[in-house]
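# could you look at this predicted model? Sequence included:
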Amino acid sequence: MATATENEAAPVRDNRYGLTRELNDSVRLSMQHWMFTYFFDEYPPQPAPASLVTEEHIKENGNIRIADVGCGNGSVLSNFFSTNCKAIITYTSSAWLLETYRSLPANIRENVLFEGIDIAHDYLPMGDDIPSTFKFSEWDVYTEPPAELIGQFDIVHIRLFVIVVRDNDPCTMIRNAVRLLKPGGYLQWDELEPNTTIVRAPTPGMSTESAQAWITAMLKGMCMSFKTDLNWCSTLASYFEKCGLEPVADVHRECPPEFRRLMTTNALSALENVGRGISDELGKVKGTGLSWSDLCSACLVETSQGVTVTQSLSIVVGRKTIL
Ligand SMILES: C[S@@+](CC[C@H](N)C(=O)[O-])C[C@H]1O[C@@H](n2cnc3c(N)ncnc32)[C@H](O)[C@@H]1O
C-alpha cells in the first residue's frame, strides 16, 4: 500500500495566496478558531453587532445577513451561528457546525443568513450537510464585488489576512468589504500581530537562539515576499477610521500564559508552511540566504524542550455610516 513520503509532489500553491489550502491547513484554521475564542472569551470586546441579531430587529428589518470574507473552512460562520442570541462577537462556543446548528433557537435560526466568501472553494463545505441558511461563493476581495453582494450585509467579517493584504495597506481590502455592508452595518476584522512575537524560554538559561533565528528569518522573508512591514496588523483601527468607519471596538490581547505552548504549535505549523512558500528554489528564505528547513528543524528542537513562540491577537470593529 502506498504511504506518504517526503518525495511526494509538493502541495499545490495558489500564487494569489501565501499558504496552501490542504488538510493540515484546515486543521490549523480550526485550531486558530479556538485560539481566538480562548483569547477573547473572558473579556470580550463590546459586542455592538449583537443588537442586530434579535427578534425585535428581525421583525422590524427582516433577515440578518452575515458575510465572512476569506472564510477558509467556514469555522467562524459556525461560531456566529451558535452565539448570535448572546453576543455576536464574543466567540464563546464550539465551532462544530452541526452541534451549533442544533443549539440555535428555531425562531432566530431561520432568519439569519450566512455567506462564506473565499477566493477559492477548496475548503468549503459541500453537499446537503450544511444548513439551508448557509451559502458559499467565490470572490477575490481585490476585485470589483459582484453586484449581488453589494450593500447586502449587516455584518462583514474578515479574519487572519496577515499575508493576504498587499502593499502594506489594508485600505483597499477594507473599502471593498465595506461595499458589501448596508448603511449602519458592521465590519469586524480579527488579526494576529506578527510584530508582537515573543520567544520565551520555560526556565532561565535555556537557549532560545534557534527559535529566535527562525522567527527573525521568517519575519524578514515575509516582509520581503509580501512587500509589507507587518505593522499595519497592530494599527488596524487607524485604517478603519481612514476608510470612514465609525470606531466601535479595538481590542488587543497577549497570549494567556497557559496557552503559550498551544499557540507555539499553531505558529510553527503556519510558519513551516509559509516558509516553504517564501523560499527560493534552493530552499533559502528570501532575503536571508538561510535554509528554511535547517532553521525550522533547529527551532523545533528548542520548542520541543518548552521554548514558546507567541503573538498578540486583536479584534477591530467599525460601523459604516448611515447616510
Ligand atoms: C489564513 S486563512 C483564514 C481563514 C478564515 N478567515 C479563518 O480565520 O479561519 C485566509 C483565507 O483567505 C483566503 N483568501 C486569500 N486571498 C484572498 C482574496 N484575495 N480574496 C478572498 N479570499 C482570499 C484564502 O483562500 C484563505 O481561505
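Received, thanks.
# which element follows the longest strand out of those in the chain toward the C-terminus?
Longest strand of the chain, by residue count under DSSP state E: strand 181-200. Using DSSP states H and E, the next helix or strand after strand 181-200 towards the C-terminus is helix 209-225.
# lowest average confidence, helix or strand, in the chain?
helix 97-103 (a mean of 38; mean pLDDT, DSSP states H and E).
# which SS class is the closest residue to the ligand within the chain?
Residue of the chain nearest the ligand, by CB to the nearest ligand atom: residue 72 (2.6 Å). C-betas here are computed from N, CA, C, even on glycine. For residue 72, the assignment made with DSSP: H, G, I helix; E, B strand; the rest coil gives coil.
# now for residue 54, how many residues are close by?
14 (other CB atoms under 10 Å).
# ok, it to residue 151 distance?
In this structure, residue 54 and residue 151 are 22 Å apart, going by CB to CB, to the nearest Å.
# what does residue 215 give?
Residue 215 sits 42 Å away from residue 151, going by CB to CB.
# cool, and residue 162?
Residue 162 sits at a distance of 28 Å from residue 151 (criterion: CB to CB).
# and these two? Which one has more around it.
Neighbour tally, residue 162 and residue 151, criterion other CB under 10 Å: the higher count belongs to residue 162, 21 against 13.
# and the more buried one, what's its pLDDT?
Residue 162 is assigned 92 on the pLDDT scale.
# any chance you could read off phi and psi for it?
Comment: the main-chain dihedrals of residue 162 come out as phi -60, psi -40, following degrees, to the nearest 10.
# which ones are touching it?
Residue 162 is in contact with 191, 192, 194, 230, 233, counting by CB atoms under 8 Å, 6 or more residues apart in numbering.
# quick one, helices of the protein?
For the chain, helices defined by DSSP state H occupy the ranges 23-40, 55-61, 75-83, 97-103, 106-109, 171-179, 209-225, 236-242, 260-277, 292-304.
# of those helices, which shows the lowest average pLDDT?
When the helices of the chain are compared by mean pLDDT, helix 97-103 comes last with a mean of 38.
# what does stretch 300-313 contact?
The list of residues contacting stretch 300-313 from outside it, by CB under 8 Å, 6+ apart, reads 35-36, 39-40, 190-194, 196-203, 206-211, 215, 234, 252-255, 259-261, 263-264, 267-268.
# centroid-nearest residue for this structure?
By CA atoms, centre = their mean, the mean C-alpha position of the chain lies nearest to residue 160, the distance being 2.5 Å.
# surely it touches residue 192?
Yes - under the criterion of CB atoms under 8 Å, residue 160 lies in contact with residue 192, with a separation of 6.7 Å.
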